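**Student:** Can you look at this prediction? I've put the sequence above it.
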Amino acid sequence: LDPVGHPLSVALSIDKRTARYTGKGNHAHDVGAVRADAPVPPDAPVFYFEVVVVRAHLDQCGLAVGFADRTFDLNRQPGREANSYAYFGADGRKYAASDAGAPYGDPFCEGDVIGAGMRGDDGAIFFCRNGAHLGDAFAREGGGALFPVVALHVQGEELRVNFG
């Protein structure tokens with residue numbers, strides 16, 4: 001994860017693979033999003049990364065996993081802003097530049113492993129939950145480079161990323 005530019009409400013581990021939310025989560029602009037330090041390689045047939053949900057509250061989950069371009073505001077949830085795509089833990093919905101989202105999978109919480117992938121041939125974005133492929137979430141045509149991104153929004157939430 002990129003240690004530069006993320007909100008102060010996120011603490012990164014020394015190895016830059018674990019993120020913990022230390023903010024208050026009071027409003028929609030109090031999110032702690034962190035992107036990878038490199039975009040998805042343009043020549044990769046398939047790019048895939050996983051997120052282990054280390055700590056999340058059962059009654060509320062502010063986690064989101066997905067992709068966003070370099071202009072994405074790291075104080076917002078991915079999927080709710082232009083050029084961003086995400087799978088949300090709270091409701092299991094998929095979001096692409098929308099506050100409404102669409103039904104997609106089950107909500108996720110502590111102990112779950114969420115995978116996010118992008119196919120190079122057609123740009124499709126997909127997600128997995130605990131090893132089960134949830135199907136293509138988005139058909140992306142063209143556009144600029146996207147970065148893996150994770151977001152936390154409830155105090156104490158923690159996740160760990162694995163880029164392979």
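**Tutor:** That came through fine.
**Student:** Once you drop chain neighbours, what's closest to Arg93?
**Tutor:** Closest residue to Arg93 apart from its sequence neighbours, by Cβ to Cβ, 6 or more residues apart in numbering: Gly101 at 3.6 Å. All C-beta spots, glycine's among them, are computed from the backbone N, C-alpha and C.
**Student:** Now do the one you found against Glu81, distance only.
**Tutor:** For Gly101, the distance to Glu81 equals 13 Å [Cβ to Cβ, to the nearest Å].
**Student:** Looking at these two, which one has more neighbours?
**Tutor:** Glu81 (20 against 17; other Cβ atoms under 10 Å).
**Student:** Next, the contact list for the more buried one, please.
**Tutor:** By Cβ atoms under 8 Å, 6 or more residues apart in numbering, the contact set of Glu81 is 68, 72-73, 97.
**Student:** Narrow those to just the buried residues.
**Tutor:** Burial by neighbour count, 16 or more other Cβ atoms under 10 Å: within the contacts of Glu81 this picks out 68, 72-73.
**Student:** Okay, and the one residue sitting closest to the centre of the chain sits in which element?
**Tutor:** With distances taken as Cα atoms, centre = their mean, the residue of the chain nearest its centroid is Val65 (1.9 Å). Per DSSP states H and E: Val65 is located in strand 64-68.
**Student:** now the helix or strand that comes right after that strand, how far from the centre of its chain.
**Tutor:** The C-terminal neighbour of strand 64-68 among helices and strands, as given by DSSP H and E, is strand 84-88. Relative to the chain's own centre, strand 84-88 is displaced by 6 Å; criterion: Cα atoms, centre = their mean, to the nearest Å.
**Student:** what packs against strand 84-88?
**Tutor:** strand 64-68, strand 94-96, strand 132-138, strand 147-152 (3 or more Cβ pairs under 8 Å, 6 or more residues apart in numbering; DSSP states H and E).
**Student:** export those to JSON lines and tack on distance to Val53?
**Tutor:** Converted to JSON lines, the helices and strands packed on strand 84-88 look like this (distance: least, Cβ to Cβ, whole Å):
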{"stretch": "strand 64-68", "distance to Val53": "9"}
{"stretch": "strand 94-96", "distance to Val53": "17"}
{"stretch": "strand 132-138", "distance to Val53": "15"}
{"stretch": "strand 147-152", "distance to Val53": "10"}
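**Student:** Of those strands, which is nearest Val31?
**Tutor:** Shortest distance between Val31 and the helices and strands packed on strand 84-88, using Cβ to Cβ, is found for strand 147-152: 5.3 Å.
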